[in-house]
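> pasted the sequence and its predicted model underneath.
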Amino acid sequence: MNSLIKLELTRALRNRKFLFFSVIYPSVLFLIIAGNADGTTKVDGTGLTVPTYMMVSMASFGALTAVLMGNSERIAKEREAGWVRQLRLTTLPGRGYVLAKTASAAVVSLPSIVIVFAVAALAKDVRLDAWQWLALTGAIWAGSLVFAALGVAIGYLASGDAVRPITMLTYFGLSMLGGLWMPTTTFPDWLQDIAKWLPTHAYAALGQAIEQSRAPHVQDIAILVVSFVLFAGGAAWLYRKDTLKA
């Protein structure tokens with residue numbers, strides 16, 4: 001299993017297109033969105049400045065990109081090419097394949113988080129206590145496992161041709177409606193009511209709670225836990241189903 005993890009890491013780090021969209025792209029979006037905002041303009045209802053608010057949103061977006069996009073397309077294409085079937089002939093357990101995919105995506109997601117933080121601190125003078133930087137990194141990195149599970153589920157659900165449009169619709173839908181690209185306070189009331197139940201909204205809310213030096217809302221934690229259980233359970237069921245078909 002360790003050999004497969006190393007192989008997956010090497011493949012991920014050699015994929016320049018994937019690295020750009022998962023590591024560099026979120027920082028570029030942060031500069032575009034928060035570039036004209038000063039350090040005093042605050043997002044309604046949060047008490048956070050625009051750069052501070054968007055820093056967490058874009059770090060979450062970068063981690064989401066790495067674990068969701070990184071898992072779904074690769075798994076679907078490897079299933080279609082017969083690579084997964086070949087691995088089943090080895091002593092590698094099924095959970096080892098899933099773990100290798102998750103580990104490689106998680107490793108790539110960490111730089112995307114750190115780079116967004118560095119850009120925010122250097123370009124927009126975002127200042128937090130040391131414990132907040134550490135807690136933010138840990139919370140966003142750990143929370144990305146929810147979407148890693150979703151990526152695995154989509155990879156086993158969709159065919160090689162269908163996986164990209166399904167992933168993109170899921171990716172952009174969760175990002176936009178969850179408030180990662182713009183504060184949900186700018187949404188109509190009915191859309192805000194929908195957004196607060198999405199895992200991406202709860203995901204970003206964890207980081208915002210740390211920035212506000214308060215405990216996260218129980219509802220946000222519950223949404224993430226339930227989402228992880230549903231996505232991981234769905235991925236496990238789809239994996240077993242795919243194994244039986246093979």
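Looks like it arrived, so ask away. Numbers count the residues shown, from 1 in each chain.

> all contacts plus neighbour counts: C-alpha atoms, from now on.
Will do.

> name all residues that make contact with the residue nearest the centre of the chain.
With distances taken as C-alpha atoms, centre = their mean, Leu64 lies nearest the centre of the chain, 1.6 Å away. Counting by C-alpha atoms under 8 Å, 6 or more residues apart in numbering, Leu64 makes contact with Ser109, Ser144, Phe147, Ala148.

> for the residues you listed, which two are the farthest from each other?
Between any two of the contacts of Leu64, the greatest separation by C-alpha to C-alpha is 11.4 Å, found for Ser109 and Phe147.

> what is in contact with those two at once?
Common contacts of Ser109 and Phe147, defined by C-alpha under 8 Å, 6+ apart, comprise Leu64, Val67.

> count the residues that sit near the residue nearest to Ser27 when sequence neighbours are not counted.
Nearest non-adjacent residue to Ser27, counting by C-alpha to C-alpha, 6 or more residues apart in numbering: Val116, 4.9 Å away. The number of residues packed near Val116 is 28, by other C-alpha atoms under 10 Å.

> following the host helix or strand of Val116, which helix or strand comes up?
Assigned by DSSP states H and E, Val116 belongs to helix 94-123. Using DSSP H and E, the helix or strand that directly follows helix 94-123 along the chain is helix 130-157.

> next, the buried residues of that next one.
For helix 130-157, a neighbour-count test (16 or more other C-alpha atoms under 10 Å) marks 132-133, 135-137, 139-141, 143-157 as buried.

> swap in stretch 26-36?
For stretch 26-36, burial by neighbour count (16+ other C-alpha under 10 Å) applies to Pro26, Ser27, Val28, Leu29, Phe30, Leu31, Ile33, Ala34.

> repeat that for stretch 117-133.
Neighbour-count burial for stretch 117-133 flags Phe117, Val119, Ala120, Ala121, Lys124, Val126, Gln132, Trp133 (criterion: 16+ other C-alpha under 10 Å).

> quick check: end-to-end length of stretch 152-166?
Start-to-end span of stretch 152-166 (C-alpha to C-alpha, to the nearest Å) is 13 Å.

> run through who's touching it.
By C-alpha under 8 Å, 6+ apart, stretch 152-166 touches 68, 71-77, 79-80, 98, 167, 231-232, 234-236, 238-239, 242.

> okay, helices next: where are they in the protein?
Secondary structure of the chain, counting by DSSP state H: helices at 2-14, 16-19, 25-34, 50-64, 70-81, 83-88, 94-123, 130-157, 163-177, 189-195, 199-211, 218-245.

> can you say which of those is nearest to Val43?
Short answer: helix 50-64, nearest of those by C-alpha to C-alpha, at 5.8 Å.

> where does pLDDT dip in this protein?
The chain contains residues with pLDDT under 70 at 1-19, 21, 39, 81-103, 242-246.

> quick one, phi psi at Asn36?
Here is the backbone geometry of Asn36 (degrees, to the nearest 10): phi -90, psi 0.

> quick check: it vs Gln219, distance?
Applying C-alpha to C-alpha to Asn36 and Gln219 gives a distance of 33 Å.

> what residues are up against Arg74?
Gly155.

> returning to what we had before: can you say which of the helices of the chain is packed in most?
helix 50-64 (a mean of 29; mean count of other C-alpha atoms under 10 Å).

> what angle separates that one from helix 25-34?
Interaxial angle of helix 50-64 relative to helix 25-34 (axes from the mean of the first three to the mean of the last three C-alpha atoms, to 10 degrees): 160 degrees.

> alpha carbons of helix 50-64, as CSV, please.
C-alpha atoms of helix 50-64 as CSV (Å, rounded to 0.1, in the frame of the first residue of the first chain):
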residue,chain,number,x,y,z
VAL,A,50,-13.4,41.1,3.2
PRO,A,51,-9.7,39.9,2.9
THR,A,52,-10.0,37.8,6.2
TYR,A,53,-13.3,36.3,5.2
MET,A,54,-12.3,35.5,1.6
MET,A,55,-9.0,34.0,2.8
VAL,A,56,-10.8,31.2,4.5
SER,A,57,-13.2,30.8,1.6
MET,A,58,-10.4,30.5,-1.0
ALA,A,59,-8.4,28.2,1.2
SER,A,60,-11.4,25.9,1.6
PHE,A,61,-12.0,26.2,-2.2
GLY,A,62,-8.4,25.1,-2.9
ALA,A,63,-8.7,22.1,-0.6
LEU,A,64,-12.1,21.2,-2.2
